[in-house]
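# Turn this into a model:
(2 chains)
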Number of protein chains: 2
Amino acid sequence: MAEDSLYLGVDLGGTKIAVGLWAGRGELLGKERWETLPEPRPNLERAVEAARALLERAGKTGEPARSLAAVGVSGGGPVDPERGVLLSVPNLPGWDEVPVCRLLGEALDAPCAMENDANACALAEWLYGAGRGARDLAFLTCSTGIGAGLILDGRLYRGSRHLAGEAGHQIIVPDGDPCGCGQRGCLETYASGAGMARRLAALRRERPGLPATAREVTERARAGDEFSLEFLRETARYLALGLANLAYILNPERFILGTIAVGAGGLLLEPLRAELRRLLWPALLEGLEVVPASLGDELGDRAALAVAERAGG
Amino acid sequence: MAEDSLYLGVDLGGTKIAVGLWAGRGELLGKERWETLPEPRPNLERAVEAARALLERAGKTGEPARSLAAVGVSGGGPVDPERGVLLSVPNLPGWDEVPVCRLLGEALDAPCAMENDANACALAEWLYGAGRGARDLAFLTCSTGIGAGLILDGRLYRGSRHLAGEAGHQIIVPDGDPCGCGQRGCLETYASGAGMARRLAALRRERPGLPATAREVTERARAGDEFSLEFLRETARYLALGLANLAYILNPERFILGTIAVGAGGLLLEPLRAELRRLLWPALLEGLEVVPASLGDELGDRAALAVAERAGG
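Now for the predicted structure:
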């Protein structure tokens, strides 16, 4: 990332969109965000306007020494990174095959690259956060769903059709509970935010006073509530099955866990590490770290920046 | 692989050792093999002698235009490929930290490289066999045990401590049957040759006339025995759980399956493909091939050759 260059990061999600202008070395010069409009095109037009305004405001327009080096997009759905096309966005009809990179790249006259958000977040934690210095790591979102971004041999691994990292849909319980994806027994069905809420809903039928969400469980566990602590330990046991499989297959040096693990901290991570000690061979455990994501609220913005940095060379 | 170069491949297993001399383009000029001697050093001395005799017999000694370009070793145990050291061999005491590449490389005055046999076989099937043309594939041994070699983004992926590809020890049944590795519920416990024999042994307690091994099951299934056909279908269902997880995590374009799948052919592969159609998302299934290894009896020799080719540049 050249210090005298400018990078534009676009975090293109199904609920909100953020556009950030960055100077080299990762200094955020300005940012604009809005709730996602129903149609794709007006959002991209607004992103171009926002970018131009940010460039203007930063007083950099027309300065050739600090021109826009690249645009990076973190897309909230499956992406074709080779064509720079957003293939779809969950729950947003009409967002099919949106040629994001062509539209943004042409309007802003800069190279544009796009990755799905799990991959973009993995890049960001690897370049700026908890993944620094690692050659082989898996980042897991641990949010409503569980998606993974894989950095293998020091580069992002996307898979043959850019679908690698669907680690939330590995089957940890054969013919287990149904998952939103149509399969049964997926890791996500048990250990994601949605999966935790589903397990809680089943328990709340008998005991209505129980917490209803991952956030509530975490809050009550922090206050010492025994049910919530045990619920997090059970969640850790499910999560450990998924991480153990990833470790046997990929032998990474670091697992970086997002949202829910960041919120729960040691209340989830300590039982998770203990369960991994039970499930993994010592040789695989040695040198394997399990850590929370470290970029916090900046993760989404920095995910887009990481993609821009890759695009700008 | 330069056509005018010679490559030596050493298949260093716990039961037998084979040394093959190859001309560029993969022509086998000569081969020697013996049952593995108890101590490592005499085996390596014998490999050097065999290599010198093969070079002599091939009439190439002293011809600078056809000098030995490289030595490749396929090691039957965990390997440190960076140091060229065989870390251990299952069931062979005394085979600890054997500096194979230093000894062979110095004695034969050629660069020497070593990979564990699953990785070497993956390289061989990728370069010369059923994996040709693929960029992302997983080769699974499907022999006594199940080990995998992963070709990702067009190169061998080894993992942070060279332990990647232990796909046979992913946990497909939480707290399932005990595995020889000390864990429970591993894929290998159900779908490997040893796992199949274990499942058969349990059934034979009630019905002693049943087949006892993967080979017997395959033979009887070929003859139309309904128990054996159903047993292979059940094996396919276990194997599919492991392959589905690999597909969700890695999105490869090809699975290449070794020994047992080669022997059973469609009797195992057809129910396996059917089960994968049930377990995988259509987008992951599209463009995913599940094929038997194609190098047959040559696989071990060509695995060593593939490593030599990598070493010789």
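# Confirm A:Ala306 sits in a helix?
Yes: counting by DSSP: H, G, I helix; E, B strand; the rest coil, A:Ala306 falls inside a helix.
# And it, how far from chain B?
A:Ala306 sits 19 Å away from chain B when distances are taken as CB to the nearest CB, to the nearest Å. In short, each C-beta sits where N, CA and C put it, glycine included.
# what does the stretch 1-150 of chain A have sitting close to chain B?
A:Pro78, A:Ala134, A:Arg135, A:Asp136, A:Ala148, A:Leu150 (CB under 8 Å from any CB of the partner chain).
# With the stretch 201-313 of chain A instead?
A:241, A:244-246, A:248-253, A:279, A:281, A:283-284, A:286-287.
# Going along the chain, name the strands of the stretch 201-313 of chain A.
A:254-257, A:289-292 (DSSP state E, counting those that start in this stretch).
# Let me see the contact set for the residue of the stretch 101-250 of chain A found nearest chain B.
In the stretch 101-250 of chain A, the residue that lies nearest chain B is A:Gly159 (2.8 Å; CB to the nearest CB). When contacts are counted by CB atoms under 8 Å, 6 or more residues apart in numbering or on different chains, A:Gly159 touches A:Gly165, B:Asp136, B:Leu250, B:Asn251, B:Pro252.
# Filter these down to the ones in helices?
B:Leu250 (DSSP state H).
# quick one: which of the contacts of A:Gly159 is nearest A:Arg83?
B:Asn251 (17.1 Å; CB to CB).
# mind exporting stretch A:38-46 as CSV, just the C-alpha atoms?
Included here for stretch A:38-46 are C-alpha records, laid out as CSV according to Å, rounded to 0.1, in the frame of the first residue of the first chain:
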residue,chain,number,x,y,z
PRO,A,38,-34.0,-1.7,-2.7
GLU,A,39,-32.4,-1.5,-6.2
PRO,A,40,-28.7,-2.0,-6.9
ARG,A,41,-28.2,0.8,-9.4
PRO,A,42,-29.1,3.8,-7.1
ASN,A,43,-26.8,2.4,-4.4
LEU,A,44,-23.9,2.3,-6.8
GLU,A,45,-24.7,5.8,-8.1
ARG,A,46,-24.7,7.0,-4.5
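# ok, back up a step: from the residues of the stretch 201-313 of chain A next to chain B, which would you call buried?
For those, a burial check counting by 16 or more other CB atoms under 10 Å in any protein chain shown picks out A:241, A:244-246, A:248-253, A:279, A:281, A:284.
# Tell me which two in the residues you listed are the farthest apart.
Farthest-apart pair in those is A:Leu241 and A:Glu253; separation 20.1 Å (CB to CB).
# Next, A:Glu32: phi, psi?
Dihedral pair for A:Glu32: phi -130, psi 150, per degrees, to the nearest 10.
# Across the sheet, point out what pairs with it.
Here A:Glu32 sits in beta bridges with A:Val19, as judged by DSSP bridges.
# And for the strand or helix carrying A:Gly105, what's in contact with it?
A:Gly105 belongs to helix A:100-108 when assigned by DSSP states H and E. With contact meaning CB under 8 Å, 6+ apart, helix A:100-108 is reached by A:8, A:10, A:12, A:44, A:47-48, A:51-52, A:68, A:71, A:73, A:75, A:83-86, A:111-114.
# After that helix, which helix or strand is next?
Proceeding N to C from helix A:100-108, the next assigned helix or strand is strand A:112-116, under DSSP H and E.
# packing partners for that following strand?
For strand A:112-116, the elements it packs on are strand A:68-75, strand A:79-80, helix A:100-108, helix A:299-312, judged by 3 or more CB pairs under 8 Å, 6 or more residues apart in numbering or on different chains; DSSP states H and E.
# Output the last one as CSV, nothing but the C-alphas.
As requested, the backbone C-alpha atoms of helix A:299-312 are provided in CSV (Å, rounded to 0.1, in the frame of the first residue of the first chain):
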residue,chain,number,x,y,z
LEU,A,299,-13.7,-4.7,10.4
GLY,A,300,-16.3,-4.0,7.6
ASP,A,301,-14.5,-0.8,6.4
ARG,A,302,-11.1,-2.4,6.6
ALA,A,303,-12.4,-5.4,4.7
ALA,A,304,-13.1,-3.2,1.8
LEU,A,305,-9.8,-1.4,2.2
ALA,A,306,-8.0,-4.8,2.1
VAL,A,307,-9.6,-5.6,-1.2
ALA,A,308,-8.7,-2.2,-2.6
GLU,A,309,-5.1,-2.6,-1.5
ARG,A,310,-4.9,-6.0,-3.3
ALA,A,311,-6.5,-4.4,-6.4
GLY,A,312,-4.1,-1.4,-6.3
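# For that helix, the averaged confidence score.
For helix A:299-312, mean pLDDT rounds to 93.
# Show me the residue at the heart of chain A, geometrically.
By CA atoms, centre = their mean, the mean C-alpha position of chain A lies nearest to A:Ala118, the distance being 3.6 Å.
# The helix or strand where that residue lies: what's the following helix or strand?
Assigned by DSSP H and E, A:Ala118 belongs to helix A:117-128. Counting by DSSP H and E, the next helix or strand C-terminal to helix A:117-128 is strand A:137-140.
# just the CA coordinates of that next one, formatted as CSV?
Provided in CSV are the C-alpha atoms of strand A:137-140 (Å, rounded to 0.1, in the frame of the first residue of the first chain):
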residue,chain,number,x,y,z
LEU,A,137,-5.3,-19.1,8.8
ALA,A,138,-9.1,-19.4,8.8
PHE,A,139,-11.3,-16.5,9.7
LEU,A,140,-14.9,-17.4,10.7
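# Flag the shaky bits of the stretch 101-250 of chain A, pLDDT-wise.
Within the stretch 101-250 of chain A, not a single segment meets pLDDT under 70.
# what would the helices and strands packed on strand A:112-116 look like in a markdown table with mean neighbour count and distance to B:Arg57?
As requested, these are exported to a markdown table (neighbours: other CB atoms under 10 Å in any protein chain shown; distance: least, CB to CB, whole Å):
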| stretch | mean neighbour count | distance to B:Arg57 |
| --- | --- | --- |
| strand A:68-75 | 28 | 60 |
| strand A:79-80 | 24 | 55 |
| helix A:100-108 | 19 | 60 |
| helix A:299-312 | 27 | 53 |
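# Count the neighbours of A:Thr213 for me.
Look at A:Thr213: counted by other CB atoms under 10 Å in any protein chain shown, it has 14 neighbours.
# now it, nearest residue through space, not along the chain?
Of all residues not flanking A:Thr213 in the chain, A:Ala197 sits nearest, at 5.4 Å (CB to CB, 6 or more residues apart in numbering or on different chains).
# cool, A:Gly147 as well?
Spatial nearest neighbour of A:Gly147, excluding adjacent residues (CB to CB, 6+ apart): A:Ala118 at 3.6 Å.
# Does the one you found touch A:Cys142 like I think?
No: assessed by CB atoms under 8 Å, A:Ala118 is found out of contact with A:Cys142, at 10.6 Å.
# that older thread, and the helices and strands packed on strand A:112-116: which comes nearest B:Gly296?
strand A:79-80 (38.1 Å).
# Select, out of the helices and strands packed on strand A:112-116, the one closest to A:Leu269.
So among these, helix A:299-312 is nearest, using CB to CB, at 17.5 Å.
# hang on, isn't A:Gly147 packed against A:Thr141?
Yes: counting by CB under 8 Å, A:Gly147 touches A:Thr141, with 4.8 Å between them.
# Which neighbours do those two have in common?
A:Asp117, A:Ala118.
# A:Trp126: how many residues sit nearby?
A:Trp126, neighbours per other CB under 10 Å, totals 24.
# just checking, it touches A:Ile151?
Yes: here A:Trp126 reaches A:Ile151: they are 5.0 Å apart, a contact under CB under 8 Å.
# Roughly how far does the residue lying closest to A:Glu125 once chain neighbours are set aside sit from A:Gly147?
Distances taken as CB to CB, 6+ apart put A:Gly131 closest to A:Glu125, at 4.3 Å, once the chain neighbours are dropped. Taking CB to CB, to the nearest Å as the measure, A:Gly131 falls 16 Å from A:Gly147.
# got it, and A:Pro282?
In this view, A:Pro282 and A:Gly147 are 29 Å apart by CB to CB.
# cool, A:Pro252 as well?
With distances taken as CB to CB, A:Pro252 is found 16 Å from A:Gly147.
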